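Q: Take a look and give me a structure for this.
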Amino acid sequence: MGKKNNHKNNNKNTANGNNIQPNKTVNFSSQKVVKPEENHTSTIDHNEKAMDSKELKAEEKIEDHSNSESLKHQDDTKSDTSEIVKSSEDDKEKLIITLRQEKHQVETQYNTLLSKLSSMKSIFKEMQQSKQELGNIKEQLGEYETQNLKLKNKVKSLQSENVQLTETINAFSEEFEDLKRQLKIKEQEIKALNIKLKNCDKELTEDKASYKRRVEAWDLIKKDLNDRNTELKMLLDSRKHDNELILQEKESLKQQLKDLAEQQENYKDDITALKKESSVLNDNLTKTVDDKELEISKLHKTVDELGNQIKEKNEEIYKLNELLNKVKEDAELKVKFEEESKARSLQIGKLRQEAIILNEHLTKALAMLKKSSDSETVDKELISNLFISFVSIPRGDPKKFEVLELIGSFLNWDEDQKIQSGLINNPNLAKKNGEKSKKGSRTENFVSMWTEFLERESGE
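A: This is a model prediction of the structure:
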């Protein structure tokens with residue numbers, strides 16, 4: 001019995017010893033988990049090595065303890081059986097009870113050992129997790145160090161950029177002062193341009209008066225021609241009509257002042273086209289004018305003078321356009337000069353009207369020269385130009401119908417030919433047009449239609 005008690009005490013001591021050792025390891029593991037919070041790589045490595053050595057020692061102690069307990073149980077069972085044989089039958093029941101109690105205690109101790117082993121395994125797992133956490137912390141420390149270096153580099157770059165920005169600010173301030181100086185210079189230039197524009201206005205008024213005098217002199221020369229009395233009457237009627245058209249155009253131009261820039265470009269194209277037409281007509285007229293008298297040569301001289309005047313006016317218009325462009329560029333800096341640029345554009349519109357009037361006079365003079373020749377002789381180049389313009393104009397354009405009317409009146413088509421060509425759709429209209437054509441001669445109808453066509457072209 002004494003041995004049994006000693007055995008029990010030893011088991012209790014071993015159990016208590018086993019209970020104490022895992023607690024030590026748990027405390028150590030908890031300390032080890034807390035220590036990595038310090039940002040020191042050397043202490044972390046030392047703690048990892050200590051943990052590995054302690055884990056190995058704990059595993060060895062557990063194995064030794066389990067082996068010693070198994071041997072003690074075997075010895076105890078042998079001693080108990082010998083005592084049971086030697087004891088009396090009275091003590092058998094007590095021994096059985098004690099054996100059962102000891103068996104129960106052994107089972108409880110065995111279960112406690114199993115629970116301790118499971119707890120130790122969980123502790124080892126926690127230690128491994130702590131190792132992984134230590135590795136992650138090391139990686140985070142490396143990342144933080146790299147981020148710190150990057151931030152230092154960024155600070156250096158920002159400082160350099162700050163220095164550059166201060167330099168650029170100083171440069172911009174110097175440029176701003178230079179721009180102020182340039183503004184003052186531009187204002188002086190604008191004042192000089194205003195003075196020049198006023199001088200140009202005076203010159204334009206003087207030129208208008210001189211043009212009017214020349215036109216009147218040209219009319220007197222035409223009146224002196226004895227063989228052209230009827231044609232001068234037609235010119236007077238056409239001039240009255242032109243004056244009415246000019247008044248209408250003045251009213252329309254007041255509303256179209258905003259679109260002057262686009263109209264100026266179109267006007268240049270129109271002038272070039274009219275010059276080409278006038279050159280073609282001059283070439284055609286030179287073939288028929290060779291046999292005429294000194295009166296026709298005088299008309300040619302006046303026509304040439306008008307052409308030179310038109311060229312001079314075009315050059316003046318081009319110069320004024322350049323001045324307008326400069327004034328518009330300077331107007332972006334100063335809003336006050338917008339009204340002056342509008343005044344300049346009005347003057348350009350007036351010059352354009354005068355150029356159109358001169359072009360109309362030129363075309364009418366050419367028509368007079370054409371009428372002076374035989375009415376039955378057909379100008380091949382004129383007809384070819386009409387057919388080329390008819391073919392080149394696209395469908396749907398009203399100019400195509402006007403050119404077709406010119407061709408029909410020039411070739412003196414009858415009603416059937418006009419119906420076939422598409423000039424007349426209604427026979428009643430054809431009769432009315434026939435009656436009108438009977439009243440006027442063939443040449444008068446063609447000249448009036450030709451002049452109206454040229455007037456429309458120059459007006460557009």
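Q: how far away is residue 105 from residue 195?
A: Residue 105 is 128 Å from residue 195, where distance means CB to CB, to the nearest Å. For every residue, glycine as well, the C-beta is placed using N, CA and C.
Q: So which of these two has more stuff around it?
A: Neighbour count, other CB atoms under 10 Å: between residue 105 and residue 195, residue 105 has more, with 14 against 10.
Q: Regarding residue 422, what are the backbone dihedral angles?
A: phi 100, psi 10 (degrees, to the nearest 10).
Q: Tell me how many other residues surround it.
A: 9.
Q: tally of neighbours for residue 320?
A: Residue 320, neighbours per other CB under 10 Å, totals 19.
Q: Just the pLDDT at residue 429, thanks.
A: The per-residue pLDDT reported for residue 429 equals 47.
Q: Please apply the same query to residue 153.
A: pLDDT, read off for residue 153, is 90.
Q: what do you get for residue 13?
A: Residue 13 carries a pLDDT value of 43.
Q: And for residue 423?
A: Looking at residue 423, its pLDDT stands at 76.
Q: Just give the nearest non-adjacent residue to it, would you?
A: Leaving out its chain neighbours, the residue that sits closest to residue 423 by CB to CB, 6 or more residues apart in numbering is residue 408, at 5.7 Å.
Q: Report the secondary structure element holding residue 418.
A: Secondary structure from DSSP states H and E places residue 418 in helix 415-421.
Q: List the buried residues for that helix?
A: 415, 418 (16 or more other CB atoms under 10 Å).
Q: Return it as CSV; C-alpha atoms alone will do.
A: Extracted C-alpha coordinates of helix 415-421, given in CSV (Å, rounded to 0.1, in the frame of the first residue of the first chain):
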residue,chain,number,x,y,z
GLU,A,415,-41.3,78.8,-129.7
ASP,A,416,-40.9,75.2,-130.7
GLN,A,417,-37.1,75.3,-130.0
LYS,A,418,-37.7,77.0,-126.7
ILE,A,419,-40.3,74.3,-125.7
GLN,A,420,-37.9,71.6,-126.7
SER,A,421,-35.0,73.1,-124.7
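Q: and that helix, what does it pack onto?
A: helix 398-411, helix 427-439 (3 or more CB pairs under 8 Å, 6 or more residues apart in numbering; DSSP states H and E).
Q: and those, which one's lowest on average pLDDT?
A: With a mean of 47, helix 427-439 has the lowest mean pLDDT of the helices and strands packed on helix 415-421.
Q: Verify the stated contact: residue 418 with residue 411.
A: No: using CB atoms under 8 Å, residue 418 is not in contact with residue 411; the gap is 10.6 Å.
Q: and residue 210, how far is that from residue 407?
A: Residue 210 sits 40 Å away from residue 407, going by CB to CB.
Q: which one of those two has more residues nearby?
A: A direct count of neighbours by other CB under 10 Å for residue 210 and residue 407 places residue 407 higher, at 18 against 11.
Q: Relative to residue 418, how far out is that one?
A: Distance of residue 407 to residue 418, computed by CB to CB: 11 Å.
Q: go on, residue 97?
A: For residue 97 relative to residue 418 (CB to CB), the value is 148 Å.
Q: Now do the helix or strand hosting residue 183: which elements does it pack against?
A: Per DSSP H and E, residue 183 falls inside helix 90-223. Helices and strands touching helix 90-223, by 3+ CB pairs under 8 Å, 6+ apart, are helix 2-34, helix 41-86, helix 229-255, helix 294-331, helix 338-372.
Q: Of those, which shows the lowest average pLDDT?
A: helix 2-34 (a mean of 40).
Q: And stretch 183-200, what's buried?
A: For stretch 183-200, by 16+ other CB under 10 Å, it's 190, 193, 197, 200.
Q: From those residues, pick the one nearest residue 322.
A: Within the buried residues of stretch 183-200, the smallest distance to residue 322 is 11.1 Å, found for residue 193 (CB to CB).
Q: Would you mind measuring from the closest one to residue 301?
A: Residue 193 sits 38 Å away from residue 301, going by CB to CB.
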